[in-house]
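S.K.: Could you work out the structure for the sequence below:
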Amino acid sequence: MKVSDALAMATDRTGDRTEAEVLLGHLLDQDRVGVYLRGQQLLDSLQIRRLGSMVKQRVAGFPLQYVTGVQSFRGLDVEVGPGVLVPRPETEQVVESALELIAEIEAPIIFDVCTGSGAMALSLVAERPDAVVFASDISADALSFAYRNGAGSKVDFRCGDLFDAFSTDLLNRVDLVISNPPYLS
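M.R.: Numbering: from 1, shown residues only. Next up, the predicted model:
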């Protein structure tokens, strides 16, 4: 099966061409343009089975990001899946506001409570390398994603409910608290 035929099949089954492009792009490790550039390339049998499985998951209602296992967030690719919510574009506005609030603070200490995948904490430390960022979540499942996403970063991830993961001394020195807890508008 050619990539172009696989794209047509995935589009037909999902009912969404953009999602089909994303699925094929993930399969081929290409962006959406790369999918079209490889239109005449033949998929091997393993790739065809993997694409079929991804399409089946998507049609069954799994979020596209869970099927691909990744969500882009402020230029970072964040691993996501069952057990952690997908970072939303609106959440990027929280990071933008946080950056404005700490613009004049040297080496700010920041807490990200209910961190989930760690997307906000990781974005802050990427954009403000001088920041000291601590992140907590009560969910061990969510923290497992945060730990993987933050491997090699200087974010200090901790398990605990809201501020329970932090000492009183540390709480007294915090410059900014951010949060985008699940299921709140």
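S.K.: what packs against whichever helix in the chain runs longest?
M.R.: The residue-count maximum for a helix in the chain (DSSP state H) belongs to helix 45-59. Judged by 3 or more C-beta pairs under 8 Å, 6 or more residues apart in numbering; DSSP states H and E, helix 45-59 is in contact with helix 3-14, helix 17-28, helix 64-68. Any C-beta I mention is one placed from the backbone N, CA and C, and that applies to glycine too.
S.K.: Contact partners for the nearest residue to residue 146 once chain neighbours are set aside?
M.R.: Distances taken as C-beta to C-beta, 6 or more residues apart in numbering put residue 118 closest to residue 146, at 3.4 Å, once the chain neighbours are dropped. Counting by C-beta atoms under 8 Å, 6 or more residues apart in numbering, residue 118 touches 78, 112, 135, 145, 146, 147, 149, 150, 155, 157.
S.K.: any chance of those in CSV, plus secondary structure, distance to residue 9 and neighbour count?
M.R.: Formatted as CSV, the contacts of residue 118 follow (DSSP: H, G, I helix; E, B strand; the rest coil; distance: C-beta to C-beta, whole Å; neighbours: other C-beta atoms under 10 Å):
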residue, secondary structure, distance to residue 9, neighbour count
78, strand, 29, 26
112, strand, 41, 30
135, strand, 41, 27
145, helix, 31, 25
146, helix, 36, 29
147, helix, 37, 13
149, helix, 32, 25
150, coil, 37, 23
155, coil, 41, 25
157, strand, 41, 23
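S.K.: Perfect, I'm done here.
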